[in-house]
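Undergrad: have a look at this prediction, sequence included:
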Amino acid sequence: MKPENVVLSEDGKSVVIIDQTRLPLHTEYLALSQPEEFYDAIHELKVRGAPAIGICAGMGLYVAAEHFGEHNEEKFLSELHNVSAFLNSSRPTAVNLKHALDRVENAAHSMRGKGTDAMLGEMRRECIAVQEEDIAMCKAISEYGLTLVKNGYGILTHCNAGPLATSCYGTGLGTLLLGKERGYTFRAYVDETRPLLQGARLTAYELDKAGIDVTLICDNMASIVMKQGKVNACFVGCDRVAANGDTANKIGTSGVAVLAKHYGIPFYVFCPSTTIDFNCRTGEDIQIEERDPGEIKTKFFREPVAPENVKCFNPAFDVTDSSLITAIITEKGICTAPYTQSLRICMKE
């Protein structure tokens, strides 16, 4: 399986992405080359999913540097830092974005004294390494996930954590896709994930394309399918993990976790270790992105669904308390409570 959603061009002058805002009805590719184009693609969710955002931004920083023109090293590094800060401001919640940008920027600094061509070469190697590492991490996460399920399980998902959000396999969906390859049969119940419908547009699309039994439900139907015994486990990705195990993920995730706790259903969070932020003590310290109210009232609708003067509150993420999480699955292992200990042990392995 090779990544298709974010690809660095052969000449290093652009990054080609699938425009996720056009899925599932239209598969359109965009070639990005300027910082403003990368910012727009990330902010407007043309590329989305914490790992994919990081990969795109890292490649974008390298591509932007390829277009700097003739610079001495100091001016090159100064401009590079400005572009990195600009791209990092596109979305505030996912930690992978800054992690990838820092890696690529630091790669340039590591070649100081050897000229800007050497800096560019090292940046290219580093941004490709970020993607290759993500591919390996997703595979490992999916392998661990398979140890938590049985053939025939019903899995409830929220938002999208598949190949479109990562590189290959995905995090929250990786176990389903890898299991399918190995002959497992799963039944997936996919929350539509209002207001941007990532579950309906992307997760249902990916699972159906993979030949997995998928049933789309509205977000407010999660409780009834759990009560009816159709769900054996909940699988979600996440955008940031605090040091105490609190996790930030797409809005509505915490509600699913509360329901799962009530019905005694395991609630699993899947993420690469790069999503763990030990500088963030608890979920209270995670900055939650708020988005355009129009996403609630007008997006995907022929006419507005609420009066024009009605205010909207549109947080893109919420925080799931660690007490509601059965386990956090990374490429290094399965972490369980107390997360303040298990996450640090996991990172050292």
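TA: Nice, I can see it.

Undergrad: so what does the longest helix seen in the chain touch, helix or strand wise?
TA: Longest helix in the chain by number of residues, with DSSP state H as the criterion: helix 116-146. Contacts defined by 3 or more C-beta pairs under 8 Å, 6 or more residues apart in numbering; DSSP states H and E place helix 116-146 against strand 6-8, helix 50-66, helix 73-88, helix 95-109, helix 174-181, strand 267-270, strand 327-330. C-beta: built from backbone N, CA, C; applies to glycine.

Undergrad: show me what residue 241 is bridged to.
TA: residue 247, residue 276 (DSSP bridges).

Undergrad: how close does it sit to residue 346?
TA: Using C-beta to C-beta, to the nearest Å, residue 241 is found at 11 Å from residue 346.

Undergrad: now the helices and strands packed on helix 116-146 as JSON lines including mean neighbour count and mean pLDDT?
TA: Formatted as JSON lines, these follow (neighbours: other C-beta atoms under 10 Å; pLDDT from 0 to 100):
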{"stretch": "strand 6-8", "mean neighbour count": "23", "mean pLDDT": "96"}
{"stretch": "helix 50-66", "mean neighbour count": "28", "mean pLDDT": "96"}
{"stretch": "helix 73-88", "mean neighbour count": "17", "mean pLDDT": "96"}
{"stretch": "helix 95-109", "mean neighbour count": "21", "mean pLDDT": "95"}
{"stretch": "helix 174-181", "mean neighbour count": "22", "mean pLDDT": "97"}
{"stretch": "strand 267-270", "mean neighbour count": "25", "mean pLDDT": "98"}
{"stretch": "strand 327-330", "mean neighbour count": "24", "mean pLDDT": "98"}
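
Undergrad: now for those, which one comes closest to residue 116?
TA: Nearest to residue 116 among the helices and strands packed on helix 116-146 is helix 73-88 (4.9 Å), distances taken as C-beta to C-beta.

Undergrad: okay, that closest one in CSV with CA atoms only?
TA: Provided in CSV are the C-alpha atoms of helix 73-88 (Å, rounded to 0.1, in the frame of the first residue of the first chain):
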residue,chain,number,x,y,z
GLU,A,73,22.4,30.7,4.8
GLU,A,74,21.2,33.1,7.4
LYS,A,75,18.6,34.7,5.2
PHE,A,76,17.5,31.2,4.1
LEU,A,77,17.1,30.0,7.7
SER,A,78,15.3,33.2,8.7
GLU,A,79,12.8,32.9,5.8
LEU,A,80,12.4,29.2,6.5
HIS,A,81,11.5,30.0,10.1
ASN,A,82,8.9,32.5,9.0
VAL,A,83,7.2,30.1,6.6
SER,A,84,7.3,27.4,9.3
ALA,A,85,5.5,29.7,11.8
PHE,A,86,3.0,30.6,9.2
LEU,A,87,2.1,27.0,8.3
ASN,A,88,2.0,26.1,12.0
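
Undergrad: any idea how far it is from the chain center?
TA: Centre-to-centre, helix 73-88 and its host chain are 25 Å apart (C-alpha atoms, centre = their mean, to the nearest Å).

Undergrad: which other helices and strands does it contact?
TA: Using 3+ C-beta pairs under 8 Å, 6+ apart, helix 73-88 sits against helix 35-43, helix 50-66, helix 95-109, helix 116-146.

Undergrad: now distance to residue 144 too, for the helices and strands packed on helix 116-146, in TSV please.
TA: TSV is the format used below for these (distance: least, C-beta to C-beta, whole Å):
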stretch	distance to residue 144
strand 6-8	24
helix 50-66	16
helix 73-88	30
helix 95-109	19
helix 174-181	8
strand 267-270	9
strand 327-330	5
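
Undergrad: which one of the ones you listed lies closest to residue 132?
TA: Per C-beta to C-beta, nearest to residue 132 of the helices and strands packed on helix 116-146: helix 50-66, 9.9 Å.

Undergrad: can you give me how far the closest one is from the chain middle?
TA: 14 Å.

Undergrad: restrict that helix to CA atoms and write it as PDB.
TA: Provided in PDB are the C-alpha atoms of helix 50-66 (Å, rounded to 0.1, in the frame of the first residue of the first chain):
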ATOM      1  CA  ALA A  50      -3.200  14.900  12.300                       C
ATOM      2  CA  PRO A  51      -0.500  12.700  10.600                       C
ATOM      3  CA  ALA A  52      -1.400  13.800   7.100                       C
ATOM      4  CA  ILE A  53      -1.400  17.500   8.100                       C
ATOM      5  CA  GLY A  54       2.100  17.000   9.500                       C
ATOM      6  CA  ILE A  55       3.300  15.200   6.400                       C
ATOM      7  CA  CYS A  56       1.900  17.800   4.100                       C
ATOM      8  CA  ALA A  57       3.300  20.700   6.100                       C
ATOM      9  CA  GLY A  58       6.700  19.200   6.300                       C
ATOM     10  CA  MET A  59       6.800  18.700   2.600                       C
ATOM     11  CA  GLY A  60       5.300  22.100   2.100                       C
ATOM     12  CA  LEU A  61       8.100  23.700   4.100                       C
ATOM     13  CA  TYR A  62      10.700  22.000   1.900                       C
ATOM     14  CA  VAL A  63       8.900  22.900  -1.300                       C
ATOM     15  CA  ALA A  64       8.500  26.500  -0.200                       C
ATOM     16  CA  ALA A  65      12.300  26.600   0.400                       C
ATOM     17  CA  GLU A  66      12.900  25.300  -3.100                       C
END
